[in-house]
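Engineer: sharing a model prediction with you, sequence too.
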Amino acid sequence: MSLLSILGVLSSAIFSGTSLLYTTLGEVIDERSGIVNLGLEGVLLVSAAAGFAVTSWSGNPFLGVFTALLAGGLMNLILGYLVIHRQANQLASGLALMFFGFGLSALIGKSYVGTKINALPRIPLPGLSGLPHLYTSLFSFDLLIYLSIPAAFLVSWLLFRTRWGLSLRAVGENAETAFASGRNPRLIRYQALFIGGLLAGLGAAHLSLAYTMTWTEYMTAGRGFIAVALVIFSKWHPVRAIAGALLFSGAVAFQLLLQSSGVQISPFLLDTIPYLITLLVLIAWGGTRKQSAPASLGRIYYGTE
Amino acid sequence: MSQIANPITRPVFFRYRIWDVVGRYLLMVLLALLLFGVILLISGKDPIQSYKDIFSSTLGSVYGFSEVLVAMIPMLITALAVALPSRVGLINVGGEGQLYIGAAFATWGALTFKDLPAWALLSLMVLLGMIGGAFWAFIPGYLKAIGLVNETITTLLLNSVAPKIIGFLIFGFWHSPMDTVKTANFVPAARLPAFLGTRVHLGLVIALALLLLFWLVMKYTRWGLEMRSIWGNPQAAKRNGIPINTYWITIMCLGGAIAGLAGMVQVSGFYGVLLLNFSMGLGFMGFLISWLAAGDPFGIFLMSFVVAMITTGGNLLQLTHDLPYAVINILLAFTLFVVLARPTLIKGKKA
C-alpha cells in the first residue's frame, strides 16, 4: 500500500468527521442546558437540503452555508417551543422533529436531486506547495474544516468562561435554582437550542456543500444519532468532542485502509466500533459515579409560580 | 441522564367516555391537516383534492382499509414494547434495534429449518424473534439494574449497532444469489398466513391479543400492581419487598422480546424476506405512539390507526401527486407536534 493511499484515507476521514464534530458541539450546548435533542437527524437533513438548494440557486456556497445555519437554528426552535413552552416530553418531541426533518428535507430537495453545485472553495494547507499536485490536492481543505477545531475551543470558552455559559450550565443542572438566582431558564434554553442548531447547520452545510456535494434523501445516514452518542462519549465537554469525532473518523479511516489493503472484514462490523467503544467507555465511567451529565437533562421546567 | 423525566402518565382512557377522547384526537388531527394543507398549497398541490384522495384510498375501499391495517400491525407491537417497560419507569428507546435483532433471529430460523411444517416453523420463528429482541434488551436492562448506565443511552446506542449486524449477516452469509441486499425469499411455511386475499396477516391477531393481555395483566394481576408501585416509587417498592432489579431486567427483556416479535412479524408476515434497513423507523414510531397514548392499550390502538392511515396515504401522494414519499412524514410530524403541544387537552393528564 502506497503512502498516497494512506494519505487519501486520512484526508477522507477528516472530511467525514468534520460535519460530525460541528453537530456534536451543537448537541453539547443543547444538553448542557438540559435538553436532549433526538431530532438532530432531521435538523441535519433540513439544513443540508436548504443549504444545497440555496447554493444551487444562487451559485454561492457561502450563501448556502448561511442558509443551512439558519435552517438548523429554526428547526431547533420548533423543538424548543414543544419542550420549553408546551412542556412536552423531550425524547418524543425530538423523534417527531426527526420525522418532520425527513419530510421537509425531501420536499426542499425534490428538484435538486442530481444537480451539481459550486462546492465550498478549498484552500491548500500552507507550506505544502512544493509537493506534487496529487498530494496537495489531498490536503486542500475547505474553510469549515479549518474552523472546526477552533470552534470546539470557542464553544468550550463560551460554556466555561462566560457568564452566559455559567447561566446555561446552571439551567442544565437545576432550572428552579437557576431561576431563583435571577436567571431566565426558558430564555436560556431557547438560546442554547438556537446556537446548538446553528452548529448543527454548519455540520450539515459541510456535509452537503463540501463532502458529498450532492443531495440525496436520508443522506445523513444516522449522523444525528452518532452525534448524540458522541456527546455522551465526550462527557458533555466540547474539547473532548474532538476526540469523539476523531474516534468516528478513525473508524472510517481504518475501514477504508483495511479495504484498500485487501483484508476481508465486513465493513458493517467495523461500522459498529464507534458505538461499542462509546458503550464500553460508558460502562467504565458508570462505576465511578463521576458522570458529568447535566443533572436536569430531560426534565421539564414547569416554572415556579 | 439518569433522571430523564418519566414520559408515561397514568392511563386515562378508561376513565372517560371513549368518544370524548376520540373527538379530541380528531380535532388535533384536523389542525395537523390544516397545517399540512398549507405546505401542499406552497408546493403547488390542491390540498382538498389530495386529502380526498388520501381518504378515499385509505378508508374509502376495502383494499385501502386493509392496507391501513397492514401498516398498523408493527406499530401496535413496537408501541407495546415501549409501553410495558414504561410501566416500571424504564424508557425503552431501543425498539428499533430490538426489532432488527428479532428479525435476524427469526430469519435464521426460517432459513435453517425450511422443512418443518408451517405451524412448527412459525412457532419457532416467533420464539426466536422474541429471544433475539430479549437478548438485545437484556444488555441495557442489566446495565440499568446494576446501576452502571442509564437504559435510555444504551438502547439508543444499540439501535445504531443492530442494523449493521443485519447488514453483516445479509452480505456475509444470507444474501440470495441474485441480490446482495436481501436474503432469499422465505418458504411458504415461514410466512404468517394472510386473510381474505388481502395483505392483512396473522400478525394483527397477535398484536391485538398482546394488547389485551397487557391490559389484563396490568389491571388484574399482582404483577401489574407491583409494577405500578415500582413506577411510582422504586425505593418504596424495594422497602416493601418487591424485587425491583429482577423486575427491571425481566420487564426490559419482555419489552425487547415484544419488539423482536414485531421484527419477526414484519419479515414473516409483510416482506417474506429479510431486507437491509427494512424497519425505517418503526421502533421510533412505536416509542412515539406509546408516549402519545400514555402507554394505554386503547390509546395505542387509536394512535396506531391514525399513524398507519397517514403513512398509507403517503403512497398515494407519491403516485399521483408527484411528491416524494417522505413528504408524508411532514403530515405525520404535524400530527405528532399538535398532540405533543397540547397535552392538557386530555383532562387529568399532565405533560
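Structural biologist: Arrived safely. Residues are numbered from 1 along each chain as shown, chains lettered A, B, ... in the order given.

Engineer: which residue ranges form the helices in the stretch 51-200 of chain B?
Structural biologist: B:62-86, B:95-112, B:118-145, B:151-169 (DSSP state H, counting those that start in this stretch).

Engineer: my read is that A:Asn118 contacts A:Phe52, right?
Structural biologist: No. A:Asn118 is not in contact with A:Phe52 according to C-beta atoms under 8 Å; the separation is 11.2 Å. (Each C-beta comes from the backbone N, C-alpha and C, glycine too.)

Engineer: which residue of those two possesses the greater neighbour count?
Structural biologist: A:Phe52 (30 against 15; other C-beta atoms under 10 Å in any protein chain shown).

Engineer: quick one: mean pLDDT over whichever strand or helix holds the more buried one.
Structural biologist: If you go by DSSP states H and E, A:Phe52 is part of helix A:40-58. For helix A:40-58, mean pLDDT is 93.

Engineer: can you give me the buried ones in that helix?
Structural biologist: Under the neighbour-count criterion of 16 or more other C-beta atoms under 10 Å in any protein chain shown, helix A:40-58 has A:40-56 buried.

Engineer: what stretches of chain A score poorly on pLDDT?
Structural biologist: Chain A contains residues with pLDDT under 70 at A:1, A:127-137, A:286-292, A:304-305.

Engineer: okay, helices next: where are they in it?
Structural biologist: Assigned by DSSP state H, the helices in chain A fall at A:3-32, A:40-58, A:61-80, A:90-109, A:133-138, A:143-161, A:163-173, A:175-180, A:185-206, A:223-233, A:238-260, A:267-271, A:273-286.

Engineer: hmm, back to that, what angle sits between the helix holding A:Phe52 and helix A:90-109?
Structural biologist: 20 degrees (axes from the mean of the first three to the mean of the last three C-alpha atoms, to 10 degrees).

Engineer: quick one, helix A:40-58 and helix A:3-32 angle?
Structural biologist: Using the same axes, to 10 degrees: helix A:40-58 against helix A:3-32 is 120 degrees.

Engineer: helix A:40-58 to helix A:185-206, inter-axis angle?
Structural biologist: Using the same axes, to 10 degrees: helix A:40-58 against helix A:185-206 is 60 degrees.

Engineer: mind listing what the residue nearest the centre of chain B touches?
Structural biologist: Chain B has B:Thr78 as the residue nearest its centroid, 2.3 Å off, counting by C-alpha atoms, centre = their mean. Contacts for B:Thr78 (C-beta atoms under 8 Å, 6 or more residues apart in numbering or on different chains) come out as B:Gly95, B:Leu99, B:Ile258, B:Ala259, B:Ala262, B:Leu282, B:Gly283, B:Met285, B:Gly286, B:Phe287, B:Ile289.

Engineer: buried ones among these?
Structural biologist: B:Gly95, B:Leu99, B:Ile258, B:Ala259, B:Ala262, B:Leu282, B:Gly283, B:Met285, B:Gly286, B:Phe287, B:Ile289.

Engineer: before we move on, which element is the fourth one in?
Structural biologist: If I follow you right, that is B:Ala259. Per DSSP H and E: helix B:244-265 holds B:Ala259.

Engineer: coming back round to it: of the contacts of B:Thr78, list those near chain A.
Structural biologist: B:Phe287 (C-beta under 8 Å from any C-beta of the partner chain).

Engineer: so can I have JSON lines of the contacts of B:Thr78 showing pLDDT?
Structural biologist: Below are those laid out as JSON lines (pLDDT from 0 to 100):
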{"residue": "B:Gly95", "pLDDT": "89"}
{"residue": "B:Leu99", "pLDDT": "93"}
{"residue": "B:Ile258", "pLDDT": "93"}
{"residue": "B:Ala259", "pLDDT": "93"}
{"residue": "B:Ala262", "pLDDT": "93"}
{"residue": "B:Leu282", "pLDDT": "88"}
{"residue": "B:Gly283", "pLDDT": "88"}
{"residue": "B:Met285", "pLDDT": "89"}
{"residue": "B:Gly286", "pLDDT": "90"}
{"residue": "B:Phe287", "pLDDT": "90"}
{"residue": "B:Ile289", "pLDDT": "90"}
